[in-house]
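Colleague: below are the sequence and a predicted model for it; my questions follow.
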Amino acid sequence: MLFITDNTTTKENGMLKQVLEMYELLDDAGVSGKKVEEFLRGRGLTDIRVETIKGEKGSTDFIQITVPGSSGKKSGGKAPTLGLIGRLGGIGARPERIGIVSDADGAVAVLACALKLADMAKRGDTLPGDIIISTHICPDAPTQPHEPVPFMGSPVDMQTMNSHEVVPEMDAIISVDTTKGNRVINHRGFAISPTVKSGYIMRTSEDLLDIMEWSTGLVPAVFPLATGDITPYGNGVYHLNSILQPSTATDAPVVGVAITTVRPVPGCGTGASRETDIEEASRFCLEVAKAYGAGSCGFYDADEFALLEKRYGSMKQLQTFGL
């Protein structure tokens, strides 16, 4: 049994094995979506799709894994489906940078969740609802300027990413993204966002705050959102990063899970990932998946959302490029 000690608490890291396995798999100049698929199939997952998409700055492999639930919609049940999206520009910036970059954390986190769900299923534990996990694999993505530190770019544009990672079957979405290149989140570990739905920034879910407290043993950390953060990339407005971009492509509620640091760290930085922080974020996602499928975790208050729309109208224009 492995225990990790940090400056605040001592806890069992129940997903560290899967995080380390995925980190090692992705830290490879020759990694591809097909290699990830083969690895996951070898652990028992069967519903996996990989598609290579080429853009102006290269190509990337989109991968989507569906893990069926005991009462999920794939088997005719009614349990809601949770989407876990690993948001990133690329897992590597070769040849400019050697090795896996900080931006890869989101992909590592959600793929570790897929691996953990496969291992759980072998031991007789199946979640109630279906889980759809999507991300993309690019070991040689470009970098791009950003303040206060450089970001990773991507070989494909954001609309292409959303079209391959956000699917209609997702009733709610957690978007996991490295969010270290800023001065507004001064916390090492992970932080969650308020829920974003159809252009509205809703209050932070009390259920998610509970799960964050229970899974970390710490006070919950919530990161701030500006209106611009929930608008599409490419509109000329400053964005914290791409963590809430899935919210521009769906009416399902979206929550960001940001893997964070005390000081700004470039997304294209190597040697900047902390596996224990990724593990905490992954374990939080898994606990949310258990509760959401069982109907004991809500992402937003439907009555409050209806009241907002009744009083102030639709905010879906924020999901578009506007005028």
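Modeller: Okay, I see it.

Colleague: measure the spatially closest residue to P80 that is not a sequence neighbour to V254 for me?
Modeller: Closest residue to P80 apart from its sequence neighbours, by CB to CB, 6 or more residues apart in numbering: D171 at 4.1 Å. In this view, the C-beta of every residue, glycine as well, is placed from N, C-alpha and C. Applying CB to CB, to the nearest Å, the value for D171 to V254 is 11 Å.

Colleague: what do you get for N241?
Modeller: Taking CB to CB, one finds N241 at 14 Å from V254.

Colleague: so the residue nearest to P80 touches A252, yeah?
Modeller: Yes. Judged on CB atoms under 8 Å, D171 makes contact with A252 at a distance of 5.8 Å.

Colleague: looking at these two, which is more packed in?
Modeller: A252 (23 against 20; other CB atoms under 10 Å).

Colleague: so who does that one touch?
Modeller: Counting by CB atoms under 8 Å, 6 or more residues apart in numbering, A252 makes contact with 83, 170-173, 197.

Colleague: so which of N241 and V254 has more stuff around it?
Modeller: Under the criterion of other CB under 10 Å, the comparison of N241 against V254 puts V254 first, with 29 against 24.

Colleague: find the residue closest to that one in space, skipping its chain neighbours.
Modeller: With CB to CB, 6+ apart as the criterion, V254 has its nearest non-adjacent residue at 4.0 Å, and that residue is S247.

Colleague: pLDDT at the one you found, what is it?
Modeller: S247 carries a pLDDT value of 98.

Colleague: pretty sure it is in a helix, no?
Modeller: Yes. Membership of S247 in a helix is supported by DSSP: H, G, I helix; E, B strand; the rest coil.

Colleague: tell me which residues touch it, please.
Modeller: Listed by CB under 8 Å, 6+ apart, the contact set of S247 reads 173, 175, 196-197, 230, 254, 319.

Colleague: in terms of contact, does T81 touch K73 like I think?
Modeller: Yes. T81 is in contact with K73 according to CB under 8 Å; the separation is 5.9 Å.

Colleague: touching both of the two, which residues are there?
Modeller: 129-130, 169.

Colleague: which of these fall in helices?
Modeller: Among the shared contacts of T81 and K73, no member falls in helices (DSSP state H).

Colleague: tell me which two of the contacts of S247 sit farthest apart.
Modeller: Greatest spacing in the contacts of S247, by CB to CB: S175 and Q319 (14.5 Å).

Colleague: more neighbours, these two?
Modeller: With neighbours defined as other CB under 10 Å, S175 and Q319 compare such that S175 has more, 26 against 19.

Colleague: checking the more buried one next. Helix, strand or coil?
Modeller: Classification of S175 by three-state DSSP places it in strand.

Colleague: same question for L84.
Modeller: L84 ends up strand, using three-state DSSP.

Colleague: for beta bridges, what are the partners of it?
Modeller: I133, I174 (DSSP bridges).
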